[in-house]
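**Student:** The amino acid sequence is not available; the structure is as follows:
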């Protein structure tokens, strides 16, 4: 490793700042800012199947707190496209969940 005493002052300041930041509570990848990805089971042109973990709601409702994580919103951010749930699973239930990429496709599933 390179000693900070031989570095130019600006570079030394950046190294100290980076070291302090990455060791502190605001470190990149800190648990408070990390959002686990929703596991994708199958991805097709019109739909995606995901593995819903227990403890997450399928979609937001009037009773869902604003800060609560929901599968539909997380998946929309993860895939960078809108999703419509084809069916739901209870909040406490885990399992396969199907989302369509448009309203017409979401209604075409029986």
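**Tutor:** Received, thanks. Computed from a predicted model, the values in this text were never measured in an experiment.
**Student:** burial count for residue 99?
**Tutor:** Neighbour count for residue 99, taken as other C-beta atoms under 10 Å: 24. All C-beta atoms are positioned from the backbone trio N, CA, C, and that covers glycine.
**Student:** and the helix or strand it falls within, what does it pack onto?
**Tutor:** Assigned by DSSP states H and E, residue 99 falls within strand 95-100. Using 3 or more C-beta pairs under 8 Å, 6 or more residues apart in numbering; DSSP states H and E, the elements in contact with strand 95-100 are strand 47-52, helix 71-79, strand 84-85, helix 103-108.
**Student:** Relative to it, what are the paired strands and their orientations?
**Tutor:** Strand 95-100 sits in its sheet next to strand 47-52 (antiparallel), strand 84-85 (antiparallel), going by DSSP bridges.
**Student:** Out of the helices and strands packed on strand 95-100, flag the one nearest residue 36.
**Tutor:** Set against residue 36 and scored by C-beta to C-beta, these come closest in helix 71-79, at 8.5 Å.
**Student:** Make CSV from the helices and strands packed on strand 95-100 and add mean pLDDT and distance to residue 60 to it.
**Tutor:** Shown next, in CSV, are the helices and strands packed on strand 95-100 (pLDDT from 0 to 100; distance: least, C-beta to C-beta, whole Å):
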stretch, mean pLDDT, distance to residue 60
strand 47-52, 95, 14
helix 71-79, 95, 7
strand 84-85, 94, 11
helix 103-108, 84, 16
